[in-house]
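**Student:** return a 3D structure for these sequence lines:
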Amino acid sequence: GNVSLTNSGTVNAASGTLSLQGGGTFTAASTLTAASGGDLDFNGGTFDLPAGSEVVGASGSTFSFSGADVTIEGSYATAGSTTVSNGEVDFNSSTTLPTLIQSGGILGGSATVTVTGATTWSGGTQSGAGKTVAKGGLTIGSATSTSEETLNGRELDNFGAATLANFYSNANGLRLASAATFANEAGASFSFISDAAIYDAGGGG
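**Tutor:** Predicted structure coming up:
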């Protein structure tokens with residue numbers, strides 16, 4: 001079976017992919033790092049990274065959330081890529097990312113996630129009491145995909161050039177649920193590049 005990781009020191013994805021599949025126990029002294037060319041993949045199990053812990057990524061590194069349930073209470077500081085494809089990652093401390101790619105899973109939490117570069121959202125859910133702030137361009141959906149993107153009780157603020165596209169306009173698109181808010185801020189743009197829908201998915205949204 002998969003092995004659980006207990007960490008009070010430093011774990012480094014120096015190169016290739018380090019896949020964490022069995023959950024883990026971390027202390028406030030623990031650090032997770034990824035070097036350029038390294039991919040630290042949270043693939044399965046449950047991880048709670050407490051206040052005081054650190055996640056640090058070099059330029060050219062990747063942190064992947066592909067199936068685990070991860071709660072980040074400590075520092076998350078990366079100069080590389082962050083990808084969400086399955087499972088759930090909750091940011092309960094504010095962070096700034098160079099890029100964000102979400103194709104599935106859940107990005108949530110109570111804190112603000114600011115993306116200075118491109119945000120690409122082609123599936124999955126963003127939820128929680130926090131905000132996602134897209135400052136460097138926002139791509140929602142794909143004209144060749146049947147995916148749906150759900151904003152559930154969360155705020156998404158666009159400060160750049162945003163686009164929305166979906167394959168089936170009557171079934172897919174951006175779903176707003178539980179009083180979610182999409183804000184196209186002053187100076188930003190929002191373009192429909194195919195037939196697509198923005199609709200109320202219920203729950204007060």
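
**Student:** now find how far off-centre stretch 57-69 is within its chain.
**Tutor:** Here the centre of stretch 57-69 is set off from its chain's centre by 10 Å, with Cα atoms, centre = their mean, to the nearest Å.

**Student:** got it, and stretch 71-80?
**Tutor:** With Cα atoms, centre = their mean, you get 11 Å for stretch 71-80.

**Student:** end to end on it, go ahead and measure it.
**Tutor:** 19 Å (Cα to Cα, to the nearest Å).

**Student:** quick one: mean pLDDT over that stretch.
**Tutor:** In this model, stretch 71-80 has a mean pLDDT of 98.

**Student:** before we move on, what about stretch 160-174?
**Tutor:** On average, stretch 160-174 scores 77.

**Student:** burial count for the closest residue to residue 78 other than its chain neighbours?
**Tutor:** Excluding the flanking residues, the one nearest residue 78 by Cβ to Cβ, 6 or more residues apart in numbering is residue 57, at 3.0 Å. (Each C-beta comes from the backbone N, C-alpha and C, glycine too.) Look at residue 57: counted by other Cβ atoms under 10 Å, it has 26 neighbours.

**Student:** likewise for residue 51?
**Tutor:** 11.

**Student:** circling back to that earlier point, state the distance from the residue nearest to residue 78 to residue 12.
**Tutor:** 11 Å (Cβ to Cβ, to the nearest Å).

**Student:** residue 152 now?
**Tutor:** Residue 152 is 35 Å from residue 12, by Cβ to Cβ.

**Student:** so where's this protein shaky on pLDDT?
**Tutor:** The model of the chain has pLDDT under 70 over residues 167-172, 203-205.
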